[in-house]
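In: pasted the sequence and its predicted model underneath.
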Amino acid sequence: MNRQGLTRLEALEQEIDPRRDLWPEVEARLGAAPAARRPRWQLPAALAAGVALIGVGILAGRTLQSSAPVPGATAQSAGLLPVSVQDADYRRTRTALLADLGKRLAELPPATQDMVGASLRTIQRSIEDLQRALGREPANALLQELLLDAYQDEMQILATVQESALAKQEI
């Protein structure tokens, strides 16, 4: 190699022997160290903890099951709907919008009426399905969230129909 630096990889030495062999020292240290052993109490303690967790899970499941509503009960009758859906103002607004829907739909073009009607029917079917499912699984957070989303979707469509009909009247 020259002092200006390496210009080709082939100029590097191909075989370099270490100054000393470290393997005998590593082997000696491994042989001298006592084998790592677990204390005798760890396995029985782990098994006991597992059995205790299973017991708590079964107890919690039975407690939830015993508080579940009778089959066929809706989530509404079980009082499991989110607070925003149980709110009196929400229910009053929803009832008023549904009552006014026929008149407002009549003011829209026929194609729009069909689309809005189909969307509302789909959402209302979903709400019924979700309520039945919540009657069977009242503690299911995912079902509760989906139901709240469905109510919000329905309210959005009702409010949009109301606003578009009012905007058309102002023109």
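Out: Structure's in. What do you need?
In: any idea how far the most centrally placed residue in the chain lies from Leu130?
Out: Centroid-nearest residue in the chain, with Cα atoms, centre = their mean: Leu142, separated by 6.3 Å. Distance, Leu142 to Leu130, using Cβ to Cβ, to the nearest Å: 10 Å. Where you see a C-beta, it was placed from the backbone N, CA and C, and this is true even at glycine.
In: and if you look at Leu146?
Out: 6 Å.
In: quick one, which of these two is more surrounded?
Out: Leu130 (22 against 17; other Cβ atoms under 10 Å).
In: and the lowest mean pLDDT element among the helices and strands of the protein?
Out: helix 83-86 (a mean of 54; mean pLDDT, DSSP states H and E).
In: which secondary structure elements does the helix or strand harbouring the residue nearest to the centre of the chain sit against?
Out: For Leu142, the element it lies in under DSSP states H and E is helix 141-170. Contacts defined by 3 or more Cβ pairs under 8 Å, 6 or more residues apart in numbering; DSSP states H and E place helix 141-170 against helix 83-86, helix 88-106, helix 110-136.
In: using JSON lines, lay out the ones you listed together with distance to Glu10.
Out: Shown next, in JSON lines, are those (distance: least, Cβ to Cβ, whole Å):
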{"stretch": "helix 83-86", "distance to Glu10": "76"}
{"stretch": "helix 88-106", "distance to Glu10": "81"}
{"stretch": "helix 110-136", "distance to Glu10": "72"}
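In: pLDDT weak spots in this protein?
Out: For the chain, the stretches flagged by pLDDT under 70 are 1-4, 33-36, 38, 64-86, 165-171.
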